[in-house]
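[1] Test case, fold it:
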Amino acid sequence: QYLYLNIKSKFSFKITFSLDWIKLDGIKKLEKIVNDVISQKLSKKAGIDLIVSILENSDEIYLRVKSIDGLRAIYANEKELFKLLENYLISDENENVRAAAAKTIIYIFPDEGYNALKGEKVVNEVIFKNIKI
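    Numbering: from 1, shown residues only. Sure, this is the predicted structure:
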């Protein structure tokens with residue numbers, strides 16, 4: 001898939017670039033945020049806010065999965081994140097996103113996670129198929 005931009009100006013030209021570049025750019029931003037939080041160049045709260053923003057504003061499945069993985073990598077144990085992750089676990093259409101949410105809930109919120117996960121039908125469908133703990 002490619003994106004074409006026609007820019008009308010004094011000089012007419014066409015810019016072509018792969019949509020994969022946009023995805024990679026998002027991944028690079030995400031990796032930088034995670035690395036900056038781990039190295040304490042960025043506060044955990046700021047990192048969480050940035051990662052959640054990427055997660056909520058992306059239609060790209062791979063980037064959403066990696067955003068959830070990023071929250072796990074920085075051990076984002078804010079209480080409000082539990083509800084966000086639980087929502088992705090229960091209602092996201094993509095099983096990879098649901099699996100990433102389940103894995104992160106289990107890792108960061110083991111007690112609350114157990115109670116939330118034990119009754120969810122989606123967990124039985126996703127967790128054993130996709131999660132290696």
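[2] Provide the contact partners of the helix ranked longest in the chain at residue level.
    Longest among the helix segments of the chain by residue count, using DSSP state H, is helix 19-38. Taking contacts as Cβ atoms under 8 Å, 6 or more residues apart in numbering, the residues outside helix 19-38 that touch it are 1-3, 42-44, 46-47, 50-51, 54, 58, 60, 62-63, 66-67, 70, 73-74. Using the backbone N, CA and C atoms, a C-beta is placed for each residue, glycine as well.
[3] what about burial for those residues, which qualify?
    Neighbour-count burial (16 or more other Cβ atoms under 10 Å) is assigned, among the contacts of helix 19-38, to Leu42, Gly47, Leu50, Ile51, Ile54, Ser58, Leu63, Lys66, Ser67, Gly70, Ala73, Ile74.
[4] now, which of those sits nearest Glu86?
    Nearest to Glu86 among the buried ones among the contacts of helix 19-38, counting by Cβ to Cβ, is Ser67 at 15.7 Å.
[5] what element comes up after the strand or helix carrying that closest one heading to the C-terminus?
    With the criterion set as DSSP states H and E, the secondary-structure element containing Ser67 is helix 61-73. Sequence-wise, the next helix or strand downstream of helix 61-73 (DSSP H and E) is helix 79-91.
[6] What is that next one packed up against?
    Contacting helix 79-91 under the criterion 3 or more Cβ pairs under 8 Å, 6 or more residues apart in numbering; DSSP states H and E are the following elements: helix 44-57, helix 61-73, helix 95-108, helix 110-118, helix 121-130.
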